[in-house]
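Asker: Take this sequence and fold it.
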Amino acid sequence: MFITLKPHKPHYENVPFEVPDNWVWTTLGDIFTLQAGKNITAKDISEKQDKTHCFPCYGGNGLRGYVSSYNREGRFPLIGRQGALCGNINEANGRFYATEHAVVVDTYCDTNIDWAINILLYLNLNQYATSTAQPGLSVATINEVMVPVPPLKEQQRISQKLNDWFCLIDQIEQGKEDLQTTIKQTKSRILDLAIHGKLVPQDPNDEPAIELLKRINPDFTPCDNGHYTQLPDGWTIAPMQILCSLIDGDKQNGIERINLDVKYLRGERDAKTLTSGKYVATKSLLILVDGENSGEVFRTPIEGYQGSTFKQLFINENMNSRYVLQVINLHRRILRENKVGSAIPHLNKKLFKAIEVPIPPYKEQQRIVETINKVFMSLDLIMESL
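Answerer: Residues are numbered from 1 along each chain as shown. Sure thing, here's the model as predicted:
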């Protein structure tokens, strides 16, 4: 059965593209009744649903909260008509309240609701918004948007086919997320194998790690292996504080330099300059000591001033710095979960300094880092291709 349009409408000649013979070009106003909801004050909207505020309230960007009354009942597409996201499509079902910024789409005749939602999404109604400080869509404008309409049964077939494809896409997306999780777990496992001496073969000709520790600190007394009871010959254990230190750069004044804060180093904002600060040389290591991501390490691309949430991480030259960074990376989760401070969480420096570091001979550190880089590069290529 073909849907019935409103009577006395002219035939449209200048259509965007040809459609099958049993389709028709018309406007949204011909097949839908569009009506904006009613205003409601913010104090009447609750963020949480409870016995009093039991009805969903929809505004220009979807669900706003819950209210004590409703002005619509049924299943309807909703068009947001105010703000930068105007033209967005949501769906309401059951009893709900539509505000003046939500346009309720009621079918003039027997139109498949799923098809209606999909065609509204396809039309990208935001392109018809007024280009003002507060973009908006009028019902009159939406009514005049042209749309190709198939027969009702074909609408149903289209909707079913789209649902099938969307289900497949969801499965692919879930598979992608599962693979990303597997890759992250694989990286952690590789690091774990590395610090247990199981990633690369040992060379008996390598200088034992105890010798490089003596160069770092002649008075250092090796501790027992703690959690690492089966390390290869030539390896040893030392706390992180023996291998590296957290320092501040020298104070400078009157020299303009880039502020090396976390947002700049992440590429989230452009460089800002300061005329004084704690000097950091190019290719220095900065470790976050304040904030949720405490323990994250950055290598500075240029010289500048140390960001306020950082300390400089100085790794002893007798150690392969990239090996030490991989050990820190392996302990990132523990460092995140054991931050100190309430208002602003800080890196637990005591915990950081006490991290037990399995130390292989220097040449084996190099082989481990090279192997990790090769494997991680392959895994990153897989991630990028997803």
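Asker: all helices in this protein, in order from the N-terminus.
Answerer: With DSSP state H as the criterion, the chain has helices at 28-31, 113-123, 139-143, 152-195, 209-216, 240-243, 262-265, 321-330, 332-337, 349-354, 362-385.
Asker: what's the most buried one of those?
Answerer: Highest mean neighbour count among the helices of the chain (mean count of other C-beta atoms under 10 Å): helix 28-31, with a mean of 21. Just so you know, the C-beta spots here come from the backbone N, C-alpha and C atoms, and that holds for glycine as well.
Asker: can you redo the helices of the chain as TSV with distance to Ile40 and mean pLDDT?
Answerer: Conversion of these to TSV gives the following (distance: least, C-beta to C-beta, whole Å; pLDDT from 0 to 100):
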stretch	distance to Ile40	mean pLDDT
helix 28-31	26	92
helix 113-123	24	94
helix 139-143	19	94
helix 152-195	32	93
helix 209-216	68	94
helix 240-243	57	96
helix 262-265	38	94
helix 321-330	50	96
helix 332-337	42	90
helix 349-354	51	94
helix 362-385	45	94
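Asker: Looking at those helices, which is nearest to Ile315?
Answerer: helix 321-330 (4.4 Å; C-beta to C-beta).
Asker: Please name every helix or strand in contact with the closest one.
Answerer: When contacts are defined as 3 or more C-beta pairs under 8 Å, 6 or more residues apart in numbering; DSSP states H and E, helix 321-330 packs onto helix 152-195, helix 240-243, strand 285-288, strand 297-299, strand 310-315, strand 356-359, helix 362-385.
Asker: possible to save the helices of the chain as a markdown table with distance to Cys57?
Answerer: Formatted as a markdown table, the helices of the chain follow (distance: least, C-beta to C-beta, whole Å):
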| stretch | distance to Cys57 |
| --- | --- |
| helix 28-31 | 24 |
| helix 113-123 | 20 |
| helix 139-143 | 20 |
| helix 152-195 | 27 |
| helix 209-216 | 64 |
| helix 240-243 | 53 |
| helix 262-265 | 36 |
| helix 321-330 | 46 |
| helix 332-337 | 37 |
| helix 349-354 | 46 |
| helix 362-385 | 40 |
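Asker: Show me the one of these that comes nearest Gln306.
Answerer: In terms of C-beta to C-beta, the element of the helices of the chain nearest to Gln306 is helix 262-265, at 11.1 Å.
Asker: In CSV, could you pull the C-alpha coordinates for the closest one?
Answerer: Provided in CSV are the C-alpha atoms of helix 262-265 (Å, rounded to 0.1, in the frame of the first residue of the first chain):
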residue,chain,number,x,y,z
VAL,A,262,51.0,19.1,29.4
LYS,A,263,48.5,20.5,26.9
TYR,A,264,51.3,21.8,24.6
LEU,A,265,53.3,18.5,24.9
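Asker: Show residues contacting it.
Answerer: 258, 269-272, 286, 288, 291, 293, 298, 300, 307, 309-310 (C-beta atoms under 8 Å, 6 or more residues apart in numbering).
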